[in-house]
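Colleague: starting from these lines, generate the structure:
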Amino acid sequence: MTSHGGSTDVLKQVSHLWSVLDSLSENDPEAYGRFIENQMKAGVEFSAPPELHSCLRTQIEGPNKGSSYINICSWKRVPAPEDPNRPLPMCAGKLETDTNEDWYTVSDVAVNPAVLQEHEDKTEVYMLALSFAQKHFGIRLSQQYTVVSCSPKSSPDDLYRRLGFQQWANASKQPDTASQTPGTLLQKISSLRLETQNEDTKAQIICRPAEHKKTDLIQVISTTSTEPQKPEYQLEMKTDASGVLRCLELTVELPKICSVSDCQLRISKDDILLEVEDVYYLLLEFPKTVNEDTASAIFNKKKRRLTLRVDVL
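Modeller: Numbering: from 1, shown residues only. Got it, this is the predicted structure:
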């Protein structure tokens with residue numbers, strides 16, 4: 001049986017904070033304004049996306065041979081180090097492998113912007129990133145690297161996808177605090193804090209040993225706790241009355257989501273990618289070339305089913 005004690009405690013805390021803010025807005029409007037401003041600023045910083053800082057290229061020594069590209073990213077969601085004697089927080093996204101021509105991998109290691117600003121010589125950060133990537137992905141990397149201008153698949157969308165960043169739909173909108181009550185603002189602040197806590201519970205911590213040891217100087221901040229699963233799907237080829245193929249219809253069962261806004265869909269003339277962060281991942285090649293501009297999708301909330309249709313060329 002699932003306990004709802006945690007939810008009840010949160011609601012009690014929210015109710016208490018609501019009362020405190022109502023009182024604060026009446027008795028000390030300036031303090032109330034500063035509090036709201038600080039909370040909104042923290043929310044904007046937490047929702048800021050990762051940014052590419054530099055890229056390392058090195059060689060994979062095992063279990064396979066090839067090149068490895070490691071994107072060093074600046075991300076405010078990764079905590080700043082508390083002091084030089086504590087582990088350096090880092091997080092990594094998914095490892096991508098490409099075997100079309102030369103075999104290579106692409107990965108991303110993110111740190112807080114303050115780390116890159118404070119280290120004029122990035123050598124230590126780069127070496128820690130190499131060590132982190134080796135242990136995190138289970139590959140052996142050469143400790144000799146080259147800083148290159150960019151890696152394959154290093155667009156912002158690629159970084160967001162691998163690091164699990166999900167941009168808020170209203171992140172670019174300024175909150176209209178003047179027309180909102182303390183209660184509605186508090187609800188948004190509470191939601192933000194709960195999401196932050198949920199992210200924190202997924203962190204996997206590796207503590208740094210004593211200073212005289214030379215291993216494990218990294219605190220790992222994981223963006224995902226489980227691998228997303230491949231959803232059940234059905235792909236049908238639809239023909240007209242004369243038997244000519246006109247369109248493809250893809251039906252995907254998504255019982256774990258409630259809204260199509262949770263899905264990220266990318267379609268090209270050759271394939272379709274469906275992602276729900278930490279839940280579902282489906283990359284499917286079309287049997288025929290399609291006209292991606294004709295694609296349309298409908299999500300049935302009752303059946304939790306996504307249906308996509310697209311014309312073939």
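Colleague: remind me, longest strand of the chain?
Modeller: Ranked by residue count, the top strand of the chain under DSSP state E comes out as strand 51-62.
Colleague: which residues touch that strand?
Modeller: 65-75, 105, 116, 122, 126, 129-130, 139-151, 154, 156, 159 (C-beta atoms under 8 Å, 6 or more residues apart in numbering). In short, each C-beta sits where N, CA and C put it, glycine included.
Colleague: now with 6 Å?
Modeller: 66, 68-74, 116, 126, 139-142, 145-148, 150-151 (C-beta atoms under 6 Å, 6 or more residues apart in numbering).
Colleague: ok, stretch 246-266 next?
Modeller: 231-238, 240, 273-276, 279, 299, 304-311.
Colleague: how far does it stretch from one end to the other?
Modeller: 21 Å (C-alpha to C-alpha, to the nearest Å).
Colleague: which parts of that stretch are buried?
Modeller: Buried residues in stretch 246-266, counted by 16 or more other C-beta atoms under 10 Å: 247-248, 250-252, 254, 257, 262-264.
Colleague: just the mean pLDDT for it, thanks.
Modeller: For stretch 246-266, mean pLDDT is 87.
Colleague: which residue ranges of the stretch 151-300 of the chain form strands?
Modeller: 218-220, 233-239, 245-253, 264-267, 271-276, 280-285, 296-300 (DSSP state E, counting those that start in this stretch).
Colleague: distance to Asn27 added to these, as a markdown table?
Modeller: Compiled in a markdown table, the strands of the stretch 151-300 of the chain are given as follows (distance: least, C-beta to C-beta, whole Å):
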| stretch | distance to Asn27 |
| --- | --- |
| strand 218-220 | 41 |
| strand 233-239 | 57 |
| strand 245-253 | 53 |
| strand 264-267 | 45 |
| strand 271-276 | 45 |
| strand 280-285 | 49 |
| strand 296-300 | 47 |
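Colleague: out of the ones you listed, the one nearest Asn112 is which?
Modeller: Closest approach to Asn112 among the strands of the stretch 151-300 of the chain (C-beta to C-beta): strand 218-220, 11.0 Å.
Colleague: per-domain residue ranges of the chain.
Modeller: 1-225, 233-311 (automatic domain parsing).
Colleague: circling back: neighbouring strands - and their directions - for the longest strand of the chain?
Modeller: Strand 51-62 has the following strand partners under DSSP bridges: strand 66-74 (antiparallel), strand 140-141 (antiparallel), strand 146-148 (antiparallel).
Colleague: not counting the first one itself, show me its contacts.
Modeller: Yep, that's strand 66-74 we're talking about. Contacts of strand 66-74 (C-beta under 6 Å, 6+ apart): 50-58, 60, 103-110, 113, 116, 129, 133, 141, 151, 154.
Colleague: got the angle between the next helix or strand along the chain from that strand and strand 66-74?
Modeller: As assigned by DSSP states H and E, the chain's next helix or strand after strand 66-74 is strand 88-92. With axes from the mean of the first three to the mean of the last three C-alpha atoms, to 10 degrees applied, the angle from strand 88-92 to strand 66-74 works out at 120 degrees.
Colleague: pLDDT score assigned to the closest residue to Lys65 other than its chain neighbours?
Modeller: In this structure, Lys65 finds its nearest non-sequential neighbour in Trp103, 7.2 Å apart by C-beta to C-beta, 6 or more residues apart in numbering. Reported pLDDT at Trp103 in the predicted model: 79.
Colleague: could you do the one 4 residues further on as well?
Modeller: Ser107 is assigned a predicted lDDT (pLDDT) of 91.
Colleague: same check on the one 10 residues further on?
Modeller: Each residue has a pLDDT score; the one for Gln117 is 85.
Colleague: give me the neighbour count for it.
Modeller: By other C-beta atoms under 10 Å, 9 other residues sit near Gln117.
Colleague: so how far is Val106 from Gln117?
Modeller: 25 Å (C-beta to C-beta, to the nearest Å).
Colleague: hang on, the earlier thing: ChimeraX command for the buried members of the contacts of stretch 246-266?
Modeller: Applying 16+ other C-beta under 10 Å to the contacts of stretch 246-266, the buried members can be selected in ChimeraX as follows:
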select :231,233,274,275,276,299,305,306,308,309,310,311
